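[1] Just the structure for this:
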Amino acid sequence: MTTTRPATRPTPPGPFDHRIAVHSTDDEFLATALPFLAEGLAAPDEPPPVAIAAPAKLDLLRDALPDADAQRVVTVPHTDWYTGSAANAIARAAGHLAGQAGPGGRIHLLMEPDWAGRAGRSARESAEWIRYEALANVLFAPYATTAMCVYDTRTAGPAVIAAARRAHPDTEVYADPLLVAAELDAVPLPPAPRDAHRLDAPDPDAVRAWAVARGLAAADADLFATAVAEAAVDPVTGVLLWGEAPSCVCELRTTRRLDDPLAGFVPPPAPEPRPGQGLWFARQVCAYVDIRDDPDGASVRLQYA
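    The predicted structure follows:
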């Protein structure tokens, strides 16, 4: 992924204030986090700020904050906030802003993804979190939310941090979020195995039976089959299934291009996953949903876990 500074820096599309801070020591973390939380505590028409970070960093904050401030700041271990995929994190943030933020989405959020856990466990997983960081500038643009994303060089590698800088408007290398998404989608997917199971149509009963035969529990197989049906974009011209539980994969082929980097990422009025939400449901249920447009249509690949 390139880190070349664009000739013209794009302008964020709304009031969402999305910042980044990089640190390599606990003292540097506190030097950034404490003023940010103080800013949130002093902001009018806002609930207390929320700190979402590694448990050890939350302990540092509690020890460093004045007692009265420590009692007001809401602390959430990042392993409790980031409990699933990057798409799940979008749903969590949307639900929190809808239910807990002040007027217009006003709230200060100090946020540290779990780079020592799921977010950093593979290049593919990290790429999805960079997509989340980039698309947040569009998805949360209408909100007057102030988010500070903190990156610790001891857990997030240099490539991740370089990519993350391009997703934050307060850097000199900020790139258009849709450009970042397009770059990620330009990476070819591994080819389907030659012995993949073929279906004529994304029939939920057939997908469910196949998934159970591959070791998925009945409830998980039902979710996977429903996600496949929700992701199907007419006309579906081919269905391939492969893998073993829990990493069951389905690839749908359609003659219709999607041409929408936000497909399945825009929160519906009720962000909790339920049938009828299309790709949003699929992204909430599956670990990965990859879309690749080409001159002949599109491929939609779902991996359950």
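[2] Please list all residues in contact with residue 305.
    Contacts for residue 305 (Cβ atoms under 8 Å, 6 or more residues apart in numbering) come out as 246, 247, 248, 286, 287. The C-beta positions use only the backbone N, C-alpha and C, and glycine is treated the same way.
[3] What separation is there between it and residue 246?
    According to Cβ to Cβ, to the nearest Å, residue 305 and residue 246 sit 4 Å apart.
[4] Residue 99 too?
    The gap separating residue 99 from residue 246 is 31 Å, by Cβ to Cβ.
[5] who has more neighbours, the two?
    residue 246 (16 against 7; other Cβ atoms under 10 Å).
[6] picking that back up, okay, and which of the contacts of residue 305 map to helices?
    Secondary structure assignment by DSSP state H places none of those in helices.
[7] Using CSV, lay out those residues together with pLDDT and distance to residue 163.
    Shown next, in CSV, are the contacts of residue 305 (pLDDT from 0 to 100; distance: Cβ to Cβ, whole Å):
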residue, pLDDT, distance to residue 163
246, 96, 28
247, 96, 25
248, 98, 29
286, 97, 23
287, 95, 20
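[8] from these, which single one is nearest residue 239?
    residue 248 (12.9 Å; Cβ to Cβ).
[9] Pull the contacting residues for residue 150.
    Counting by Cβ under 8 Å, 6+ apart, residue 150 has contacts 20, 21, 22, 23, 29, 32, 33, 53, 110, 111, 112.
[10] Strands - which of those land there?
    20, 21, 22, 23, 53, 110, 111 (DSSP state E).
[11] List just the nearest of those to residue 242.
    residue 111 (35.6 Å).
[12] how many other residues sit next to the closest one?
    Burial of residue 111 is recorded as 22 neighbouring residues (other Cβ under 10 Å).
[13] State the distance from it to residue 263.
    Taken as Cβ to Cβ, the span from residue 111 to residue 263 is 24 Å.
[14] can you check residue 70 too?
    Residue 70 is 42 Å from residue 263, where distance means Cβ to Cβ.
[15] And residue 103, by the same measure?
    According to Cβ to Cβ, residue 103 stands 30 Å off from residue 263.
[16] Looking at these two, which one has more neighbours?
    residue 263 (19 against 9).
[17] Dihedrals phi and psi, that one?
    phi -60, psi 120 (degrees, to the nearest 10).
[18] Identify the residue nearest it in space, chain neighbours excluded?
    The spatial neighbour of residue 263 that comes closest, neighbours along the chain excluded (Cβ to Cβ, 6 or more residues apart in numbering), is residue 279 at 5.1 Å.
[19] residue contacts, that neighbour?
    By Cβ under 8 Å, 6+ apart, the contact set of residue 279 is 230, 231, 263, 264, 289, 300.
[20] Name the spans of the chain whose pLDDT lies under the cut-off.
    1-14 (pLDDT under 70).
[21] now residue 77, nearest residue through space, not along the chain?
    Leaving aside its sequence neighbours, residue 77 sits nearest to residue 55 (Cβ to Cβ, 6+ apart; 4.9 Å).
[22] Tell me where this protein has strands.
    Going by DSSP E, the chain shows strands at 17-23, 50-53, 74-77, 107-111, 145-152, 197-199, 236-242, 249-254, 288-294, 297-303.
[23] To residue 205, which of those strands lies closest?
    Minimum separation from residue 205 across the strands of the chain (Cβ to Cβ) falls at strand 197-199, 10.6 Å.
[24] Pairing partners for the closest one, with directions?
    strand 236-242 (antiparallel) (DSSP bridges).
[25] What are the buried residues along the strand it pairs with?
    236, 238, 239, 240, 241, 242 (16 or more other Cβ atoms under 10 Å).
[26] I'd like those as a markdown table, with distance to residue 170 appended.
    Listed next are those as a markdown table, based on distance: Cβ to Cβ, whole Å:
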| residue | distance to residue 170 |
| --- | --- |
| 236 | 43 |
| 238 | 44 |
| 239 | 44 |
| 240 | 43 |
| 241 | 44 |
| 242 | 43 |
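[27] so who does the residue most central in space within the chain touch?
    For the chain, the residue sitting closest to the mean C-alpha position, by Cα atoms, centre = their mean, is residue 86 at 2.4 Å. Contact analysis of residue 86 by Cβ under 8 Å, 6+ apart lists 119, 128, 129, 131, 132.
[28] With adjacent residues omitted, what lies nearest to it?
    Nearest residue to residue 86, sequence neighbours excluded (Cβ to Cβ, 6+ apart): residue 132, at 3.8 Å.
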